[in-house]
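Q: Need a 3D model of the sequence below.
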Amino acid sequence: MKTPRGTVVREVFESKLLRGNPLGDPAARETPVYLPPGYGSSARRYPVVFVLSGFTGKGTMLLNLDGWTPNLAERMDRLIAAGRCAPMILVLPDCFTKYGGSQYLDSSATGRYEQYLIRELVPHVDRTWRTLGDGHRGVAGKSSGGYGAMVLGMRHPDVFAAVACHSGDMYFDLAYRPDFPKFVNGLERAGGVARWWRAFERKVKKEKSDFDVLNILAMSAAYSPDPKARPLPIAWPVDLETGELRQSVWRRWLGNDPVELVRRYAKNLKRLKLLYLDCGTRDEWNLHLGARIFVRRARALGVRVVHQEFDDGHMSVQYRYDVSLPRLARALRG
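A: Residues are numbered from 1 along each chain as shown. Have a look, this model is predicted:
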């Protein structure tokens, strides 16, 4: 018996807020929308979950075909057919930048991606599709997408009533600082920031060492933009010659760290119908430790958190959506 299939509509959404962004990235973004089986033959309204991709990803990548691993639409079809998950609408935004990603934040170095999601895309989805609206909207993601889901849920509990964070960036001391020497050394070998960036843009094939630099560059653009800085409008968290931590800039980074934000936004987190975190115990960026710190601090403040760990690393853990999507559906049901 064939599994009933939902429909993926590939919209192109034209953003006013992303026009003229600092990197010249497109304002028109392909935004796939998954509609569950039966959507077209009924007048029913559905909960909706915005699923955020990880660093260097776009929403369309969540629909990539793989010989052994179901993509997000196939995964949702199977969960619904098995009775494990109530039908939902899924929206897969594109917040990619030339630096590899935006962390779903507003930044003078990349653009207004948080506002793009909150002020433009969410209302557009509610106008276009049969959603249940406020109180029935969730946000989920993995890695940088998990970070985005966490921060958006913290700041906008009136928009997102439930959050699922898979291996999300947190506790920056362990997640990012170990990569600072690679960043400094990579820039030095290239002859500085400007030369490195020009060489990276020209490369047909990007190498692993390129991403060691790009990751910290992109995070700096998200967490510590500086319109006055040159050659890029970014303040670096370390001295580019010695690697010494620049404390004033590092404090700006920590101001975006979920483990530091939890106290400020505890009241908002308490409003959520679901706050779900998980991470592999062999995460290469130590994000399982960051999740433990976050959970301990959140629970001490009276925030309800569902926290799970599993035996795996950071990569290829899409199967964890088999856990979070049903939980989101239960939390967001009408």
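Q: how close does the spatially most central residue of the chain sit to Thr128?
A: Nearest to the geometric centre of the chain sits Gly145, at 1.5 Å (C-alpha atoms, centre = their mean). Per C-beta to C-beta, to the nearest Å, Gly145 is found 22 Å from Thr128. All C-beta spots, glycine's among them, are computed from the backbone N, C-alpha and C.
Q: Contacts only, for Phe55.
A: 100-101, 143-144, 215, 218 (C-beta atoms under 8 Å, 6 or more residues apart in numbering).
Q: redo that, cut-off 6 Å
A: 100-101, 144 (C-beta atoms under 6 Å, 6 or more residues apart in numbering).
Q: follow-up on the earlier one: double-check the residue nearest to the centre of the chain against Ser53; I have them as touching.
A: Yes: Gly145 lies in contact with Ser53 (C-beta atoms under 6 Å); the separation is 5.2 Å.
Q: can you list the domains in this structure?
A: 7-171+258-332, 174-254 (automatic domain parsing).
Q: got the end-to-end distance for the shortest one?
A: Across domain 174-254, the terminal residues are separated by 12 Å (C-alpha to C-alpha, to the nearest Å).
Q: now swap in the first one and tell me
A: Start to finish, the residues bounding domain 7-171+258-332 are 21 Å apart (C-alpha to C-alpha).
Q: Just confirm Glu188 is within a strand.
A: No: assignment of Glu188 by DSSP: H, G, I helix; E, B strand; the rest coil gives helix, placing it outside any strand.
Q: mind checking how far Ile216 is from Trp250?
A: For Ile216, the distance to Trp250 - C-beta to C-beta - is 12 Å.
Q: For the stretch 1-150 of the chain, which segments count as helices?
A: Using DSSP state H, counting those that start in this stretch, the helices of the stretch 1-150 of the chain run over 72-81, 113-115, 122-128, 144-155.
Q: what comes into contact with the first one?
A: It refers to helix 72-81. Around helix 72-81, the neighbours that count as contacts under C-beta under 6 Å, 6+ apart are 3-6, 8, 34, 62-63, 85, 87, 321, 325.
Q: Output the below-cut-off pLDDT ranges for the stretch 201-334 of the chain.
A: 334 (pLDDT under 70).
Q: any chance you could map the helices in it?
A: Ranges of helices in the stretch 201-334 of the chain, per DSSP H, counting those that start in this stretch, are 208-223, 247-254, 258-261, 266-270, 287-300, 321-332.
Q: With distance to Val306 added, can I get the ones you listed in TSV?
A: Converted to TSV, the helices of the stretch 201-334 of the chain look like this (distance: least, C-beta to C-beta, whole Å):
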stretch	distance to Val306
helix 208-223	27
helix 247-254	26
helix 258-261	16
helix 266-270	12
helix 287-300	9
helix 321-332	7
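Q: tell me the strands in the stretch 51-200 of the chain, going along the chain?
A: Counting by DSSP state E, counting those that start in this stretch, one finds strands in the stretch 51-200 of the chain at the ranges 89-91, 106-107, 111-112, 137-142, 162-166.
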